[in-house]
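> Sequence and predicted structure below; questions after.
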Amino acid sequence: DGVQTVFVSGVQVTRLSAKCAYVINWSSDGCSSDLIVLYIFFFNDTATTEIYTLSLHDALPICFEKHAEAKGLCKVVTQSIRAVFHEGRDFSQFDMWFERLRKLQTNKEGKNWLGQEPLLGPHAFYAMFYRQPAPPEFPHWKGQAERTFRENPDPELRFLTGNFLVSYYTWVGDFAQAWVITEVLQSIAKAKDTTPLNWILCRVIEATLSMYQLDSSRCLAAADEGLQRARETGVHLWDLQLHGMKTALHLSSNELTAAETSLSEMAGILYHSPHVFSQSLYHVLQAWKALLQDDLNEAWKFGSQCLKEADQLGAVFPIAVGNYAMVYINNKLGQRKEARKHWKAGWQASERLDSPLLRFMGWTAQAWMAFEDGDETKGRQALRKTFSISRTQGIGNSFLWLPQVIGQLCAKALEHGIEFDWARTLIRQRKLLPMAESGEAEHWPWRLKIFMLGEFRVEKDAELLTWKGKAPQRPLTLLDRKSTRLNSSHTDISRMPSSA
């Protein structure tokens, strides 16, 4: 209902909507060194009311045009970044605060307060890697966040900063470092006075990392524990992310029925939420499911919606993932020019974040697209890059993991000797099958191999099986008698190699 502002003896009261109000306390001369913010929120869920931060970014820039004083500005930047995150609608609002931070760094007083405000470094780092991870000052803020996590004595601040760092290392694909930080967070969360919010957040982090590393049992256990605690405490802030990680795990394993159940839970949460970041997550998962079902109309509908929301939000990672989703969708629809345009946009976002994980997704899409278009040279070049990243970073799962696509790329890798051992590792870990027309059956790491011509032998997991007593003398007859048992074990006799 509009912005209403009143000044009373140096106190500015700004009312932005029916759902919130803030009080900003100033001294009468407008030069107070302290800033006091009163947060009032009205939600049906009382736990959410306590968790969410007020949106300050509309009113405070106006105040600081007149009262641009370093200590107060440092505090306001911190709280405004938190507000924009919790609102989750438009991260481009960070940009004006980045500009103010740059101005502060150019004067002595500003530099002094930038180093003394403990919350500022972690929040500036968090906002920049979501929105602008490429500017020259990003390493500075990343270093500030890492020092805060290592050295600050306040466990709450260390927990908050650790969560920011885990998000960053997950998005760039450095899962080993993310797990190191996660173990510290879990030790902090074991304290008796740990809030339900922090305890549940640990489950979100564990489920997310386990999803990317395909630890199915750990991912599902962490997500279910988090959701159970949410029901017990009424703290539902992370419900959608927990259901989202379960959905991503099921989709990457082509478990569509289980994925549909989790997506239904997410839809119920989103019905009451204007959070654009969450909506983008939901729609990319729906587009992923439709791709697995080869329902291109649904895939295009959800993929387009996801990308629209990612662009509206202005966060680098969702923009990259949304564009890569559209690469698959447009290429399958025969829209090659549109597919290449989306690949370029996704790649630019990947480079801005300097993320091996996003580069893996990009080169995977590029390799598949090239092979589909009959460009073997370009396909092999992209395949070499994506499997090299996958091997060195230990990436065995990701958003938009399509088993048929990865199986096709593994067959090409075996055919051309590209990351041969890693391709076989992926095949075993993900239980992939080659395309029907693939000629790589002999090199495919089948769990069970039967050699019928020449000396009859059977290998299980690359180990030769031996029999006690008389060896089989009529292998073809024996194979015919046992065909029912072989078929029940999912062995494709037609694809078995004819010789060693």
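Here it is on my side, so go on.
> And for the residue nearest the centre of the chain, nearest residue in space, chain neighbours not counted?
The geometric centre of the chain, computed from its C-alpha atoms, lies nearest to W171 (Cα atoms, centre = their mean), at 5.8 Å. Among residues not flanking W171 along the chain, F317 sits closest, at 5.1 Å (Cβ to Cβ, 6 or more residues apart in numbering). Quick note: C-beta positions are derived from backbone N, CA and C, even for glycine.
> What about that neighbour, how many residues nearby?
By the criterion of other Cβ atoms under 10 Å, F317 has 25 neighbours.
> and what of T466?
8.
> Need the three-state assignment for it.
Following DSSP: H, G, I helix; E, B strand; the rest coil, T466 is assigned to coil.
> Any stretches of this protein with poor pLDDT?
1-72, 108-115, 435-443, 446-447, 449, 451, 459, 461-463, 467-500 (pLDDT under 70).
> Show me the strands in it, by range?
4-8, 11-17, 20-25, 37-41, 448-451, 457-460, 463-464 (DSSP state E).
> Any buried residues in stretch 131-148, and which?
R131, Q132, P133, F138, H140, W141, K142, Q144, A145, E146, T148 (16 or more other Cβ atoms under 10 Å).
> I'd like the distance between Y282 and P196.
24 Å (Cβ to Cβ, to the nearest Å).
> Tabulate the buried residues of stretch 131-148 (TSV), appending distance to L185.
Formatted as TSV, the buried residues of stretch 131-148 follow (distance: Cβ to Cβ, whole Å):
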residue	distance to L185
R131	24
Q132	26
P133	22
F138	23
H140	24
W141	20
K142	18
Q144	19
A145	14
E146	14
T148	14
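> L307: which of those is nearest?
Nearest to L307 among the buried residues of stretch 131-148, counting by Cβ to Cβ, is R131 at 17.1 Å.
> who's in contact with L120?
Residues near L120 by Cβ atoms under 8 Å, 6 or more residues apart in numbering: C74, V77, T78, L114, Q144.
> How much space separates the closest residue to the second one other than its chain neighbours from T161?
The reference is to V77. Nearest-residue entry for V77: W97, 4.9 Å, with adjacent residues in sequence omitted and distances by Cβ to Cβ, 6+ apart. For W97, the distance to T161 equals 18 Å [Cβ to Cβ].
> which of those two has more neighbours?
T161 (28 against 22).
> Surely the more buried one is in contact with P122?
Yes: using Cβ atoms under 8 Å, T161 makes contact with P122 at a distance of 4.2 Å.
> Could you name every residue contacting both of these two?
Common neighbours of T161 and P122 (Cβ under 8 Å, 6+ apart) are A145, T148, F149.
> Reformat these as a markdown table; add distance to I200.
What follows is the shared contacts of T161 and P122, written out as a markdown table (distance: Cβ to Cβ, whole Å):
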| residue | distance to I200 |
| --- | --- |
| A145 | 22 |
| T148 | 23 |
| F149 | 20 |
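> Just those residues: which are in helices?
A145, T148, F149 (DSSP state H).
> burial measure for E206, as a count.
23.
> got a list of what the spatially closest residue to it that is not a sequence neighbour touches?
Spatial nearest neighbour of E206, chain neighbours left out: A222 (4.0 Å); criterion: Cβ to Cβ, 6+ apart. Going by Cβ under 8 Å, 6+ apart, A222 touches R203, V204, E206, A207, S210.
> next one: H283
F302, G303, Q305, C306, E309.
> Spatially, and excluding backbone neighbours, which residue is closest to E376.
Closest to E376 by Cβ to Cβ, 6+ apart is A370, at 7.7 Å.
> gap between the one you found and K344?
14 Å.
> Just to check, T148 is in contact with F125?
No: between T148 and F125 no contact is recorded; they are 9.1 Å apart, counting by Cβ under 8 Å.
> My read is that A178 contacts W171, right?
No: with contacts counted by Cβ under 8 Å, A178 stays clear of W171, the gap being 9.4 Å.
> Q312: neighbour count?
Q312, neighbours per other Cβ under 10 Å, totals 17.
> Quick one: residues contacting the residue nearest to A267 when sequence neighbours are not counted.
Nearest residue to A267 in three dimensions, chain neighbours excluded: Y282, at 7.1 Å (Cβ to Cβ, 6+ apart). Applying Cβ under 8 Å, 6+ apart to Y282 gives the contacts L240, G244, L263, M266, A267, L270.
> Which one of the residues you listed is nearest to G374?
For the contacts of Y282, the nearest to G374 is L263 (35.3 Å; Cβ to Cβ).
> burial count for the closest one?
L263: 21 neighbours (other Cβ under 10 Å).
> can you tell me which residues contact it?
L263 neighbours (Cβ under 8 Å, 6+ apart): H243, T247, Y282, L285, Q286, K289.
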